[in-house]
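Novice: got a sequence here, can you build the structure:
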Amino acid sequence: MRFVEKLQNASRKNNSLVCVGLDTDPQKIPKHLLREEDPTLAFNQKIIDSTSDLVCAYKPNMAFYEAQGSRGWESLRKTCSYIPKEIPIIIDAKRGDIGNTARMYAKAIFEELKGDAVTVSPYMGEDAVSPFLEYEDKCAFVLCLTSNKGANDFQLSEVEGKPFYEIVAEKVLSWNAKGNCGLVVGATHPEQLKRIRQIAPSLPFLIPGIGAQAGDVESTVKFGTDENREMAVINSSRGILYASDQEDFDGAARQEALRLRDKINLHRGR
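Specialist: Just a heads-up that it's a prediction; the model follows:
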């Protein structure tokens with residue numbers, strides 16, 4: 001099954017555009033889980049159990065697992081295996097290097113971790129992205145306009161009269177011959193999000209910046225979805241994961257995921 005099909009199936013089944021970012025920080029795991037053999041995995045499993053009927057995808061961020069060394073890698077691998085097979089896994093790795101190295105990154109993410117998609121940087125050009133696109137049933141979400149303040153340093157710069165993020169969006173469209181490209185566009189840039197959707201009307205968008213970064217849900221839905229109010233993966237990490245630091249953390253996470261799903265669906269007319 002190709003990524004877009006898997007994403008649409010999960011989104012329609014759960015009536016959801018919500019993606020839960022599994023950015024699990026060991027310092028924020030509820031204390032009662034610290035006696036578990038693998039606290040990170042135990043935390044993730046509870047979050048997944050409580051939200052899997054409310055989401056269209058999960059997005060583990062590799063940095064939170066790599067920082068724990070080999071133990072963290074094992075937690076990540078087991079987390080990916082635990083996620084229900086029908087729900088897409090987006091590995092947030094932001095990889096971008098020359099072809100030989102990119103090929104190994106793609107192998108680790110798509111073959112070892114069994115991820116369905118990955119985030120990649122376009123800075124080094126097509127040969128740094130193309131190894132990910134060789135996996136035709138997977139998806140490469142290319143960083144286009146990110147939600148952090150530092151996006152102003154390069155992404156909003158003009159190159160020969162055109163914003164750099166527009167050049168990236170157009171270039172990614174030219175790489176999409178196999179239909180397995182997507183774009184990362186932050187919710188904190190609603191007007192630019194509107195323009196990027198005009199450039200790429202049918203690509204899936206991974207949209208961070210809702211929640212802790214205060215992106216607006218209404219404008220994100222209005223400008224980030226396609227003509228069917230689909231093809232947007234709206235991510236929330238901290239706002240859902242750490243809704244409570246007590247033993248009821250999984251119930252609190254569910255309530256926050258449900259609240260976000262319903263708020264998004266209100267603006268989708270669902």
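
Novice: ok, Ile207 to Arg238 distance?
Specialist: 16 Å (Cβ to Cβ, to the nearest Å). Bear in mind the C-beta positions are built from the backbone N, C-alpha and C, glycine included.

Novice: mind checking which of those two has more residues around it?
Specialist: When neighbours are counted by other Cβ atoms under 10 Å, Ile207 and Arg238 differ, and Ile207 comes out ahead with 26 against 14.

Novice: the more buried one contacts Thr220, correct?
Specialist: Yes - assessed by Cβ atoms under 8 Å, Ile207 is found in contact with Thr220 at 5.8 Å.

Novice: what do those two both touch?
Specialist: The contact sets of Ile207 and Thr220 overlap at 187, 193, 232, 234 (Cβ atoms under 8 Å, 6 or more residues apart in numbering).

Novice: so which of those is the closest to Asp216?
Specialist: Comparing the shared contacts of Ile207 and Thr220 against Asp216 with Cβ to Cβ places Ala187 closest, at 6.8 Å.

Novice: so Glu136: helix, strand or coil?
Specialist: On the three-state scheme (DSSP: H, G, I helix; E, B strand; the rest coil), Glu136 is labelled coil.

Novice: how about it, nearest residue that isn't a chain neighbour?
Specialist: Nearest residue to Glu136 in three dimensions, chain neighbours excluded: Lys178, at 5.0 Å (Cβ to Cβ, 6 or more residues apart in numbering).

Novice: what values do phi and psi take at the one you found?
Specialist: The phi/psi pair for Lys178 (degrees, to the nearest 10) reads phi -100, psi 0.

Novice: ditto for the one 5 residues further on
Specialist: Geometry field for Leu183 lists phi and psi as phi -130, psi 140, criterion degrees, to the nearest 10.

Novice: give the residue farthest from the middle of the protein.
Specialist: No residue in the chain sits farther from the centre than Glu160, which is 30.9 Å out by Cα atoms, centre = their mean.
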